[in-house]
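**Student:** sharing a model prediction with you, sequence too.
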Amino acid sequence: PGQNVLITGIGGGVALLALQICVAKGASVYVSSGSPEKIQKAEALGAKGGVNYKDKDWPAKLASLLGKGVELDLVIDSGGGEIMTQTSRILKHGGRVVCYGMTASSKISFTMREVLKNQRLIGSTMGSHQDLIDATDFLAKHRIVPVISHVLEGLEAAEQGFELMKRGDHFGKIVLKIGSTGERAVAKL
């Protein structure tokens, strides 16, 4: 509670779930996106504000949104690349950057500025079985459900789903629905 969090690349399923969890925990959440519409949708879900990462000066714009003397405690990032150097001036001493993807680059730049501020870069893939149980309990308690962007019918629509992801047109999960409603799957062994 009370922490300032930046979630980059809002619109993807993981970023949106991170937004929902952080808001439920009482954090002040800010987002970045290349789409003003996605920023508006994130604000409707509880984000305090957002910046367009296509603007070169987006970190300064985020600093203005935060207010004088206010810094980020945490950045949740899907892109990699320059995220540490872009946010280090507005990330507090000992602040954390959790990176779960590499949509911008598979390398992350890190300078002595970040080292001297004891800023930490933390990778994230998956947790333990107990982490899954705890997360599921938290989602249930707070009635958090994933944001669904598109529901596509059948495996033959998978390519369409990949195209949606490539274009970045989605806001939330892209779901492939396999089988008709009410149909029970039967193993054929």
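**Tutor:** Looks like it arrived, so ask away.
**Student:** residue contacts, Asp73?
**Tutor:** By Cβ atoms under 8 Å, 6 or more residues apart in numbering, the contact list for Asp73 reads Gln3, Asn4, Val5, Leu91, Lys92, Gly95, Arg96. Placement of C-beta: from N, CA and C, glycine included.
**Student:** check contacts around the fifth one.
**Tutor:** Applying Cβ under 8 Å, 6+ apart to Lys92 gives the contacts Glu71, Leu72, Asp73, Lys117.
**Student:** the first one contacts Ser88, doesn't it?
**Tutor:** No. No contact is recorded between Glu71 and Ser88 when judged using Cβ atoms under 8 Å, the distance being 10.3 Å.
**Student:** more neighbours: which of these two?
**Tutor:** Ser88 (21 against 15; other Cβ atoms under 10 Å).
**Student:** for the more buried one, give its distance to Gln130.
**Tutor:** 33 Å (Cβ to Cβ, to the nearest Å).
**Student:** what does Ser35 give?
**Tutor:** Taken as Cβ to Cβ, the span from Ser35 to Gln130 is 36 Å.
**Student:** compare these two (neighbour count), which wins?
**Tutor:** Each of Ser35 and Gln130 has its neighbours counted (other Cβ under 10 Å); Ser35 has more, 18 against 8.
**Student:** quick check: the more buried one vs Tyr100, distance?
**Tutor:** In terms of Cβ to Cβ, Ser35 sits 20 Å off from Tyr100.
**Student:** which stretches of the protein have low pLDDT?
**Tutor:** Applying pLDDT under 70 to the chain picks out residues 180-189.
**Student:** just the helices in it please.
**Tutor:** With DSSP state H as the criterion, the chain has helices at 13-24, 36-44, 58-66, 83-87, 112-116, 129-141, 158-167.
**Student:** which stretch among those comes nearest Val147?
**Tutor:** helix 13-24 (4.7 Å; Cβ to Cβ).
**Student:** and that closest one, what does it pack onto?
**Tutor:** The contact analysis (3 or more Cβ pairs under 8 Å, 6 or more residues apart in numbering; DSSP states H and E) places helix 13-24 against strand 4-7, strand 28-33, strand 72-77, helix 129-141.
**Student:** I appreciate the help and will end here.
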